[in-house]
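J.: Sharing a model that was predicted from the sequence below.
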Amino acid sequence: MALSYAEHPALQGDFEPSRFNASVFDCEVVGEIPAGLDGTFYRACAEWFYPPKFPDDSPFAADGMVTALRIADGCCDFTSRFIETPRYLANREARRQLFGYYRNPFTHEPEMQGKFNNLDTASNTNVIWFAGRLLALKEDALPMEMDPDTLETKGFFDFGGGYKAPTFTAHPKVDGRTGEMITYGYEAEGLASNAIWIYTVDADGTVTSERRIAAPYLSMVHDIAISQNYIMIPVYGMVSSMERLREGKVHWGWDTTVPSHIGVLPRNGDASDIRWFDGPQMAMVHTFAATDRDGVITLDAAVSDGNPFPFFPDVHGKPFDPAAARTTVRRYTIDMNSRDAGWREEPRFQDKPGALSRIDDRFMGHDFRYGLMSFSDEFQAFTGTGRRPTNSLGRFDFATGEVETMFAGPEFGLQEIAFAPRSPDAAEADGWVMALATNYETMKSELVIGDTADLAAGPVARVRLPFKAPQQIHGNWVPAWSRNT
Ligand SMILES: [Fe+2]
């Protein structure tokens, strides 16, 4: 019997679900929204419409919801809407939770067994604008197309049949100059398979290539990186198997006994051209970006030494280690000219832990200088209990090692940073940063906006919502100019 909302330990405070679709016209603004900021901040969120069947389930199994903050002329309108996945609609019809552990169909209620195959997704992880479509993404299924204005659900999207894998990553990479998408699905030959199918899609949405590779073992492949000439695919100890799924466990478990790997595939190569590099235990859940010169690849990522997710337990029963979960910025160097199958790892910005690493996406797949990340400034005052300590937005200069930071205030818990360029051809990372925040004094949400010209001055504007908005996993700023092309 599922716990009620009030009984459930994971549905309290900042994580209390908002079970409604909302529309707020002309939100209250404190300060001044920059006149040049014109576009929409789309957010992919995970909200439990019905409480999870199992109290220890992963929050990643919660229902998908998309919110849109539309900004123009110094004003902001807010819209949110649950994604009407087959899963969400089935739950509504039954008026209860029919689905079990995160990505384990064997734990669904009997009437849902085998019903949707790979389409029992929650579609809750990312939302992107690509080839004139708004796509909600989760790595266990195909993209879900949404109406960009009303946020109504249109249905699963497979690029006109050109995309063959049953799964599609939440972190496709779009080359900032050519508009080409490099994307993939893992567990591409069925549940618990180690197959990764990699695709290129042109800027118009036409699939132009497919390469099928096998990972050294089945692991979470949540994110990849691209450089000018290569695709980097991290594989690490977040593992699964049909055996553990049949035993009724949550999809992932952490295995300290397996090595980590980074696969390197030439962007224009065949599947057989992949080289696997090896290294010690780590979890590279998110990358910033990568670049290469003369066959030497540098890859910047937010990485932990061990399991970053307490809700995916150790497969050998070891207790969760918070120190090993601390996620920091690191640079990896891989020399394609060498026969060495290892990499070099260098710590960067170690006093600014954060997991949601971004760049100015106009520079994806090319030389870049800046990383952007919401992070925990551990030296700032912080009040209250049980509150998320992500209190700052940072622009990280990989060339000089300097960081410019905006402290949002001790009462705010920030979600992922989004970046809005000042103009289509503005200098790299010049523009505005923003993040949705929970104001812990009011327990309502605010959009915090800063100007990269002076981050230290603090937010230039805060957009106040009359409730606590749903919990974001990832989001993206879509400039008005990109909607018109
Ligand atoms: Fe992610």
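T.: Arrived safely.
J.: ok, which stretches of the stretch 101-250 of the chain are strands?
T.: If you assign secondary structure with DSSP state E, counting those that start in this stretch, the strands in the stretch 101-250 of the chain sit at 126-130, 133-137, 144-146, 153-156, 173-174, 181-186, 195-201, 207-214, 225-226, 230-235, 238-239.
J.: can you map out the strands along the stretch 351-485 of the chain?
T.: 357-358, 370-375, 392-397, 403-407, 412-414, 418-421, 431-439, 444-451, 461-464, 472-479.
J.: mean pLDDT for these: which is lowest?
T.: When those are compared on mean pLDDT, strand 412-414 scores lowest, with a mean of 91.
J.: Next, the buried residues of that one.
T.: Residues of strand 412-414 classed as buried by neighbour count (16 or more other C-beta atoms under 10 Å): 412, 413, 414. From N, CA and C alone the C-beta is placed, and that goes for glycine too.
J.: so how far is residue 453 from the residue lying farthest from the centre of the chain?
T.: If you look at how far each residue of the chain sits from its centre, by C-alpha atoms, centre = their mean, the farthest one is residue 339, at 33.4 Å. Applying C-beta to C-beta, to the nearest Å, one obtains 47 Å for the distance of residue 339 from residue 453.
J.: again with residue 144
T.: Between residue 144 and residue 453 the computed distance is 37 Å (C-beta to C-beta).
J.: Tell me which of these two has more neighbours.
T.: Ranked by neighbour count (other C-beta atoms under 10 Å), residue 144 and residue 453 place residue 144 first, with 27 against 12.
J.: quick one on the thing from earlier: export the strands of the stretch 351-485 of the chain to TSV and tack on distance to residue 254?
T.: As requested, the strands of the stretch 351-485 of the chain are exported to TSV (distance: least, C-beta to C-beta, whole Å):
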stretch	distance to residue 254
strand 357-358	21
strand 370-375	23
strand 392-397	27
strand 403-407	30
strand 412-414	26
strand 418-421	30
strand 431-439	28
strand 444-451	32
strand 461-464	38
strand 472-479	20
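J.: hang on, the earlier thing: looking at the buried residues of strand 412-414, spot the one nearest residue 249.
T.: residue 413 (30.4 Å; C-beta to C-beta).
J.: doesn't residue 437 make contact with the closest one?
T.: Yes: distance between residue 413 and residue 437: 6.1 Å, which falls inside the contact criterion (C-beta atoms under 8 Å).
J.: for this protein, which helix is longest?
T.: Selection of the longest helix in the chain by residue count, based on DSSP state H, yields helix 86-94.
J.: tell me how far it is from the chain's mean position?
T.: Its chain's average C-alpha position is 25 Å from that of helix 86-94, according to C-alpha atoms, centre = their mean, to the nearest Å.
J.: Mind listing what's buried along it?
T.: Of the residues in helix 86-94, those with enough neighbours to count as buried (16+ other C-beta under 10 Å) are 86, 87, 88, 90, 91.
J.: what's the answer for stretch 449-457, then?
T.: Of the residues in stretch 449-457, those with enough neighbours to count as buried (16+ other C-beta under 10 Å) are 449, 450, 451, 452, 455.
J.: ok, what's across the strand from the first one?
T.: When assigned by DSSP bridges, residue 449 has beta-bridge partners residue 434, residue 461.
J.: and residue 207, how many neighbours?
T.: Residue 207 - counted by other C-beta under 10 Å - has 18 other residues nearby.
J.: And it, how close does it get to residue 158?
T.: 9 Å.
J.: Residue 22 too?
T.: In this structure, residue 22 and residue 158 are separated by 30 Å, where distance is defined by C-beta to C-beta.
J.: And residue 454, by the same measure?
T.: Counting by C-beta to C-beta, the gap from residue 454 to residue 158 is 45 Å.
J.: now residue 421
T.: To residue 158, residue 421 is 31 Å away according to C-beta to C-beta.
J.: Compare those two and say which is more crowded by neighbours.
T.: Between residue 421 and residue 158, counted using other C-beta under 10 Å, residue 421 has the larger neighbour count: 22 against 14.
J.: ok, now which ones touch that one?
T.: Listed by C-beta atoms under 8 Å, 6 or more residues apart in numbering, the contact partners of residue 421 are 360, 362, 430, 431, 479.
J.: what's the closest non-adjacent residue to the residue nearest the centre of the chain?
T.: Central residue check for the chain by C-alpha atoms, centre = their mean: the C-alpha nearest the mean position is that of residue 474, 4.3 Å away. Nearest in space to residue 474, with sequence neighbours left out and distances taken as C-beta to C-beta, 6 or more residues apart in numbering, is residue 126 at 4.1 Å.
J.: Can you verify my assumption that that neighbour contacts residue 136?
T.: Yes: with contact taken as C-beta under 8 Å, residue 126 and residue 136 are classed as touching, separated by 7.5 Å.
J.: Mutual contacts of those two, please.
T.: Contact criterion C-beta under 8 Å, 6+ apart; residues bridging residue 126 and residue 136 by contacting each: residue 44.
J.: For the two, work out which one has more neighbours and name it.
T.: The residue with more neighbours, out of residue 126 and residue 136 and counting by other C-beta under 10 Å, is residue 136; that gives 28 against 24.
J.: Any idea what the more buried one is bridged to?
T.: residue 127, residue 144.
J.: Relative to residue 231, how far out is it?
T.: Going from residue 136 to residue 231 by C-beta to C-beta gives 24 Å.
J.: can you count the residues close to the closest residue to residue 363 other than its chain neighbours?
T.: Counting by C-beta to C-beta, 6+ apart, the nearest residue to residue 363 once its immediate chain neighbours are dropped is residue 176, at 5.1 Å. Each residue near residue 176 was counted by other C-beta under 10 Å, and the total is 18.
J.: Now for residue 176: which residues touch it?
T.: Under the criterion of C-beta under 8 Å, 6+ apart, the neighbours of residue 176 are 361, 362, 363, 364, 365, 366.
J.: low-confidence ranges in the chain?
T.: Regions of the chain meeting the criterion pLDDT under 70 cover residues 1-2, 378-388, 484-485.
J.: Which positions in stretch 419-431 come out as buried?
T.: Neighbour count says stretch 419-431 has 419, 420, 421, 422, 428, 429, 430, 431 buried, by 16+ other C-beta under 10 Å.
J.: on that earlier part again, and the strands of the stretch 101-250 of the chain, which is most packed in?
T.: For those, average neighbour numbers computed from mean count of other C-beta atoms under 10 Å are highest in strand 225-226, which has a mean of 28.
J.: Which positions within stretch 466-484 qualify as buried?
T.: Judged by neighbour count using 16+ other C-beta under 10 Å, the buried positions of stretch 466-484 are 468, 469, 470, 471, 472, 473, 474, 475, 476, 477, 478, 479.
J.: now, among the residues you listed, which is nearest to residue 28?
T.: Using C-beta to C-beta, residue 469 is the member of the buried residues of stretch 466-484 that lies nearest residue 28, at 13.8 Å.
J.: Go ahead and confirm that closest one touches residue 69.
T.: No: the pair residue 469 and residue 69 does not pass the contact test of C-beta under 8 Å, sitting 9.2 Å apart.
J.: what are the ranges of the helices in the protein?
T.: Remark: helices of the chain, listed N- to C-terminal, are 86-94, 242-246, 322-325, 480-483; assignment by DSSP H.
J.: Select, out of the ones you listed, the one closest to residue 331.
T.: Taking C-beta to C-beta as the measure, these were each checked against residue 331, and helix 322-325 came out nearest at 19.7 Å.
J.: contacts for that closest one?
T.: By C-beta under 8 Å, 6+ apart, the list of residues contacting helix 322-325 reads 304, 305, 306, 307, 308, 309, 310.
J.: thought the fourth one was touching residue 315?
T.: No: using C-beta under 8 Å, residue 307 makes no contact with residue 315, being 10.0 Å away.
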